[in-house]
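Asks: Show me how the following folds:
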Amino acid sequence: MVNVFITVDVELWCDGWTDIDRRFAQAMRKYIYGDTAQGGFGIPYQLNVLNEHGLDAVFFVEPLFSARFGPQPLADIVGLIQSAGQEVQLHLHTEWVDEARTPLLPDVTSKRQHLRYYTLAEQTSLIAQGAGMLERAGARRPDAFRAGSFGFNRDTIGALAANGIPFDSSYNATLFGPDSGVLPGELATAPFACGGVHEYPMTVFMDGTRKLRHVQLTACSHGEIEGLLLQAAERGDTDFVILSHGFELLNKRKDRADKVVLKRFHQLCKFLDRRRDAFTTRGFTGLAAAAAQPQPPLLSSSLWQTGTRIAEQALRRRYR
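Replies: You can find the predicted model right below:
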């Protein structure tokens, strides 16, 4: 049985850093609720579809924005997810640190885009503050974490351990994973232990053009994702981590649904619902950490599957 982690990064942006207080209400409508003239395709929509199929997901919620805009919007987001019976975990985008009305760290007056650009002590403090914000918003104490844009490093593991957070899902072999200082000399494709924390890396694969790619709704066709899931089951993998976002089902302008990605989401949910004999969706709460194992070879997709995705991605440009 393969544990499938449908991970949804929940974050919002004001489409720039000027006049953000005026833009905030619109950002909530776009990035959280997914409001369009055709209806909402944001987090409430995703929650409804997941629950219609009886699937569990992990919503990594970014709380630092509330240091600028107050606690109520964060409480609304947490309540929305938890009332649907889904799991809230911690996500941090450090671009918000210098926007806080009350400083989160001393002497931070400019952007540091990634958590890895902060010291161990600073990371430890930011993770503690983020976890506290989630708890005050009504969430249970987080036991899993993901760094914004996967921008973590070895100090992040130490900071999580210091905060008693046992699971991390920040390792992405297509981004900062290989030079993070975590599991040096190897490409992480399966869970492993590091510094008292259990790392659950993004599932990555080699596509038909021999390019490394992570599994994400906007980055892979349903045929690719289904084929990779079946490969993982056939070879006895225990875990498979999929990336999505609260705004994933919208086009680039966030003014209508991306029909291609919307179809992929429904296809994935139907597939996982139908194939409960091989796959179970779950979160990190109550998870027994995966046993130590050698890192397996990369999953792969065929040239035909990759070609189909390239054609789909071309079609998606119509919805941008």
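Asks: Now do the helices in the stretch 151-300 of the chain.
Replies: Secondary structure of the stretch 151-300 of the chain, counting by DSSP state H, counting those that start in this stretch: helices at 154-162, 222-234, 259-274.
Asks: The longest one: which residues count as buried?
Replies: Right, the one you point to is helix 259-274. Of the residues in helix 259-274, those buried by neighbour count under the rule 16 or more other C-beta atoms under 10 Å are Val260, Val261, Leu262, Arg264, Phe265, Gln267, Leu268, Cys269, Phe271, Leu272. The C-beta positions use only the backbone N, C-alpha and C, and glycine is treated the same way.
Asks: Name the nearest of the residues you listed relative to Leu175.
Replies: Distance to Leu175 across those (C-beta to C-beta) is lowest for Val261, with 20.3 Å.
Asks: hang on, isn't the closest one packed against Gln216?
Replies: No. In this structure, Val261 is not within contact of Gln216 by C-beta atoms under 8 Å, at 9.7 Å.
Asks: tell me which element the nearest residue to His266 once chain neighbours are set aside falls in.
Replies: In space, not counting the residues next to it along the chain, His266 is nearest to Val49; the distance is 6.7 Å by C-beta to C-beta, 6 or more residues apart in numbering. Per DSSP states H and E: Val49 is located in helix 43-52.
Asks: which ones are touching Arg116?
Replies: By C-beta atoms under 8 Å, 6 or more residues apart in numbering, the contact set of Arg116 is Ala147, Gly151, Phe152, Asn153, Asp155, Thr156, Phe176, Ser180.
Asks: can you do 10 Å?
Replies: Going by C-beta atoms under 10 Å, 6 or more residues apart in numbering, Arg116 touches 94, 123, 147, 149-156, 170, 176, 179-181.
Asks: Also Met202?
Replies: Counting by C-beta under 10 Å, 6+ apart, the residues that Met202 touches are 5, 7, 146, 150, 169-175, 177, 188-189, 214-216, 240-243.
Asks: got the angle between the lengthiest strand in the chain and helix 259-274?
Replies: Criterion DSSP state E: the longest strand present in the chain is strand 2-10. Using axes from the mean of the first three to the mean of the last three C-alpha atoms, to 10 degrees, the direction of strand 2-10 lies 140 degrees away from that of helix 259-274.
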